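Undergrad: turn this into a structure:
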Amino acid sequence: MNQISADLIHRAIDLLESIANSLSTLAEETKANKELKQTLISNVDGLQESIEKMKEDPFDLDKRN
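TA: Numbers count the residues shown, from 1 in each chain. From the prediction side, this is the model:
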């Protein structure tokens, strides 16, 4: 009976460690995805600003004066 209990405890520990590792990986991937999303949004914002400037002054004539 004790051997079965010990085996179950070791199995449960292994499963909990596996779950902890999976959650850690998921957290890291979620953080990376959030950072990537923020970078993409920043890049799109910069692109939109550049497009607006080009629409207003396509040949950069305002900067030359």
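
Undergrad: I'd like the next helix or strand past the helix or strand that contains Ser5.
TA: If you go by DSSP states H and E, Ser5 is part of helix 2-56. Once helix 2-56 ends, the next helix or strand along the chain (criterion: DSSP H and E) is helix 61-64.

Undergrad: please name every helix or strand in contact with that following helix.
TA: If you count contacts as 3 or more C-beta pairs under 8 Å, 6 or more residues apart in numbering; DSSP states H and E, helix 61-64 packs onto no helix or strand. In this view, the C-beta of every residue, glycine as well, is placed from N, C-alpha and C.

Undergrad: can I get it in CSV, CA atoms only?
TA: Taking C-alpha atoms only, helix 61-64 is exported to CSV below (Å, rounded to 0.1, in the frame of the first residue of the first chain):
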residue,chain,number,x,y,z
LEU,A,61,9.5,71.4,-49.8
ASP,A,62,8.4,72.7,-46.4
LYS,A,63,11.6,71.4,-44.8
ARG,A,64,13.8,73.2,-47.3
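
Undergrad: so which residue is dead centre in this protein?
TA: Asn33 (1.7 Å; C-alpha atoms, centre = their mean).

Undergrad: quick check: the gap between it and Asp7.
TA: 39 Å (C-beta to C-beta, to the nearest Å).

Undergrad: ok, Lys63 next?
TA: Lys63 sits 76 Å away from Asp7, going by C-beta to C-beta.

Undergrad: and if you look at Glu52?
TA: Relative to Asp7, Glu52 is positioned 67 Å away (C-beta to C-beta).

Undergrad: check Leu16 too.
TA: Distance, Leu16 to Asp7, using C-beta to C-beta: 15 Å.
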